Structure formats: C-alpha cells, structure tokens
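Colleague: structure, please.
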Amino acid sequence: MALMPGLQINIGQQLKLTPQLQQSIKILQYSALEVQQTISTTLETNFMLELDEDRPEDAEEFASEEEAAEVSDASENEIDIEASDTLSDDLQIDCEWEEVYTDISPVSSSIKSDNDDYTSPENYTSSEVTLSEKLYWQSDIYSWTETQELIASYIIDDINDEGYLKTPLENILADIQEKEPDLLIHLSDIEGVLSVIQQFEPTGVGARDLSECLILQLKALHQNPYVVTAIKIIEENFDLLSVRDYKRIKKIYLLNDDELTEVIQVIQSLSPRPGREYSSTQGEIVIPDLKLYRTKDGFMVELNQDAFPRLTINSAYINMAGDLGSSSQEAKQIKEQLTEAKGLIKSIQSRGETLLRVGKYIVEKQARFFDEGEQAMQPMVLRDVAESLELHESTISRATNQKYMQTPRGTFELKYFFSTGVSQYGSEDQSAIAIKSHIKQLIDDEDPNKPLSDNKLMALLEEKEINVARRTIAKYREAMHIPSSSERKKLNKFK
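Modeller: Predicted coordinates:
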C-alpha cells in the first residue's frame, strides 16, 4: 500500500494555562522568602512597579476617591493606545491592598529612637570560621615541602563539613597526577600527609570512617586502662559495640560491669562528627506567612504584613502613556510593563487570599491543639480542606508547602497540621501526631531501670481510650528514633 501525503482535520479540546494563571500558580507555591526575591527582581526591571513607602499606614486603607479616580482615568487613556485586553478593572488593586492583605488590622504603637542610624551591639555577629579555613590555617603554619603542601590542599578540599575524608586516597592520587603530570608522587606520600592532617584540630578530623575517627580521639586522650581497652574494642570488635552486645564484649575482654561502664562512658564522651563545631550556626530564615493571635473571642489569624513590601502602580507613567501616541514604542513598552506589574500584584493578592482561607480552616479544625498541645491534634488531610474550601488538592498542597504560621505555641509549617487518622473501632479517630505525642510522653515518664515495652505502651494507651496495634506503636516509636525497651535499658545503664 503506497503512502500518500494528505490533509486531515481533527476537532478536540485542549486546556491551556494563561500567563497570568501560570504566574499565580508559581507565586502560590513560592515561600515568603522566594516571593520577596521575586518582588525585588521585578522592581529592578519594571519601572511601572514601585514600593508604596510614602503613604502613611493609617491612610492606606482609606485612599482618597480622587486618587483612585485619577489612576482609573489614566488607565483608560492607556487602554486607548492599543485596543486589546481590558486592564482598567485591575488598576485599583494597589489602593485596596490593605483590605485584602488582612481581615483585621490590629492597632499597634511603636516608639522609635531619635537616632534611626543606631544599631545595638547585639545585632552584630562575628564572622564564622569554617572547618576548611581552620584546617588551611594549621596547614599554612606547618613546615611542609612544596609537594606535601600541594597534597595537603587536595586532601583538605575533600574533607566534608563533618570532618570526614570520604574520597579514597587512590582517587586523590589520580586527581593530582592528572592535574600535575610532572609531579612524581606515590600513594605513600598521600598517606603520610593525611597522617599529619589527622593531628590537626578538631581532634578526629580527616578520618575515613567512624571507627578511625573515634580511635584518633582516643589516642589524643590521657592514656589509662579504660582508654586502651576502648581502642582495642573499636579496632577489633567495633561491630559488637555498634549492636551493643555488651555481654560478648565483657567476655572477650574480661571486664566486669563497672569496668565496662567506664569504657563505654569514655567512648560516649567522644564526638562522632568532629567538624560539626565549625558548621554554620545560622539557621534557615523562616518568614511566617500567617500570624495567629489569641483574643477574648477566640483566635484571630491574619496575613503577616511585614513579610512583603507594599506594592503600587506608578501613576506618573500611566499619565505619560496618555500623552503618547498609540503607535509609539514608548507607549507599547509602558503597556507591557503595566500588564506585568498588575499581574504580579494580583498574583500576590490571590496568594494572600488563599493562604488566609487555608489558615482559617486549619485554626478552626485544630483549635484544641493551640490550647492543649500535640496530644489534642485532630486528623486532617488535604482532601478535607479542599472539599471545604472548594479548591483542588494540588492548590492546598501548594498553599501549605513551605508556608509557616506564627502561633502562641511557636512557628509551624502549615503541613505540620496535616495528619492521617487512626481508626478507633467506633470511637473518634485519633491523629497519628497525637498518638506519637502520647507515646513519647509515656516513654519520657517511664522508669529508666524498667523501660516500657510496646505491649505495655499499648495497654497504657488503651486506658486513655486510644486503641492501636503493637506493630503500629513500634512503627511510630521507630519514626521518632526511640530505641526499643531493651536498648533503652542498656543505654540508661551507661548514662
């Protein structure tokens, strides 16, 4: 059968996202910090967008009708430049920002210093020394040969933030030979330089595994029988120590309970991650999108007004557009910039409205949590919120990922409040978070000499009308990184 070219007409439906909708989806899934960065970048490139810094806060919500009319008239002139999309309906968005940004504007007062340029000493932070800088400083004052100094730089570069050298020495040798073909070195040269670096501070740095790290630290301690025994145990039977098989350790090294306790305490005093003390102490910046306040009528949730700068449209350029001809390049550029500016403001406004709706639902659903804590957490899944707010589950997922709420109990990610329900055989379902909290509380209050088994935990939970299987308790306990009762008993013995 011969193949012949031909024309064919097909009718079908296709769903496409407009640029405005795509931007709204992006802004919704951004964290507060990412939204701030997006605003900052757009302010640098879009002359139609500006910060509303001059307008007093008290006057923002009650913008004059004359100003709104002026902006509206200017927008109409701008629309005549090129008859296409109608944009004037959205121009009042900056004037109504306050109304959308928060349901209730709490009255607040602040006292400012006469000297606005003053910065208190506690706001200054000293520069932090990284592990790499610490090692290079020690290397610089060591009397290396030129070749050894080069090898040391390669080794230090491969030591990770925890202080370990995970790169095999053979790979380091091959890397040096590739980049320095005229340099004649052997594996023994790299081993010799590494042995010197392993004497640097912090003690244990440059180790290739945990056992070597612990041995380096033990050799740096004042030598006594317990230290020597600890070194032998790690060198010869580190696997027994890892699984806490203390009976076999006592039998192999002829130790009684008191001697074993001393040896274990020596090992527990060591640092398994020597480089951690030089890691950055500055935590990730979390900007809460929502704030929760306790009032006499209950809880009030509102958007965090300090999280984002207040945006508005530059009306001067709108007026300028009205004086330009419709065919001028400047007028078309103003129109494009205006469309982008209003689109960003509208996307941020839509984001705020969605977050506020989701936040209100969470506060209503988890009201007991804010009064009583984790043990009062109610089961809640994305589908519950989506059905109540008549939104898609993907929208709720975007609105809760990397979004935080500042509450009287602390700052929590919105996803923290979601938890599956565990069936209670006729009773009200319990949240998995609440059950974990009960388990943790029971273990914290247990007798260290007689830790509670999973069966005992199951019986105690039943007394609180929480019916869960033993395997579920074991799963939750392991998820919280809590050892079994037998392991807890061994650990408590050597505390």
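Colleague: distance of residue 24 from residue 350?
Modeller: Relative to residue 350, residue 24 is positioned 5 Å away (C-beta to C-beta, to the nearest Å). Every C-beta, even on glycine, is put in place using the N, C-alpha and C of the backbone.
Colleague: okay, the two: which has more neighbours?
Modeller: residue 24 (21 against 18; other C-beta atoms under 10 Å).
Colleague: wait, the more buried one touches residue 349, no?
Modeller: No: counting by C-beta atoms under 8 Å, residue 24 sits too far from residue 349 to count as a contact (9.5 Å).
Colleague: quick check: which ranges of this protein have low pLDDT?
Modeller: Applying pLDDT under 70 to the chain flags residues 1-2, 15, 53-127, 280-284, 321-327, 421-429, 493-495.
Colleague: okay, now the domains of it?
Modeller: According to automatic domain parsing, the chain comprises the domains 19-103+292-389, 130-208, 209-277, 421-493.
Colleague: a markdown table for those, including distance to residue 411?
Modeller: As requested, these are exported to a markdown table (distance: least, C-beta to C-beta, whole Å):
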| stretch | distance to residue 411 |
| --- | --- |
| domain 19-103+292-389 | 10 |
| domain 130-208 | 26 |
| domain 209-277 | 25 |
| domain 421-493 | 17 |
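Colleague: ok, then the element right after whichever helix in the chain runs longest?
Modeller: For the chain, the longest helix by residue count, based on DSSP state H, is helix 329-365. Where DSSP states H and E defines the elements, the next helix or strand beyond helix 329-365 is helix 367-372.
Colleague: what are the boundaries of the strands in the stretch 201-350 of the chain?
Modeller: 290-295, 298-303, 311-313 (DSSP state E, counting those that start in this stretch).
Colleague: so where do the helices sit in the stretch 201-350 of the chain?
Modeller: 210-219, 225-242, 246-253, 257-268, 315-323, 329-365 (DSSP state H, counting those that start in this stretch).
Colleague: in TSV: those, plus distance to residue 373.
Modeller: Formatted as TSV, those follow (distance: least, C-beta to C-beta, whole Å):
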stretch	distance to residue 373
helix 210-219	37
helix 225-242	36
helix 246-253	37
helix 257-268	32
helix 315-323	51
helix 329-365	15
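Colleague: can you tell me which of those comes nearest to residue 9?
Modeller: The closest of the helices of the stretch 201-350 of the chain to residue 9 is helix 329-365. By C-beta to C-beta, the value is 34.5 Å.
Colleague: burial of residue 218, as a residue count?
Modeller: Using other C-beta under 10 Å: residue 218 sits among 23 other residues.
Colleague: now do the contacts for it.
Modeller: Residues near residue 218 by C-beta atoms under 8 Å, 6 or more residues apart in numbering: 227, 230-231, 234, 266-267, 270.
Colleague: just give me the closest of those residues to residue 160.
Modeller: Using C-beta to C-beta, the contacts of residue 218 come closest to residue 160 at residue 270, 18.3 Å.
Colleague: for the closest one, what are phi and psi?
Modeller: Phi and psi for residue 270, reported as degrees, to the nearest 10, are phi -80, psi 160.
Colleague: that one and residue 214 touch, don't they?
Modeller: Yes: look at residue 270 against residue 214 with C-beta under 8 Å: they come within range, at 5.3 Å.
Colleague: which one of the domains of the chain lies nearest to residue 400?
Modeller: domain 19-103+292-389 (6.5 Å).
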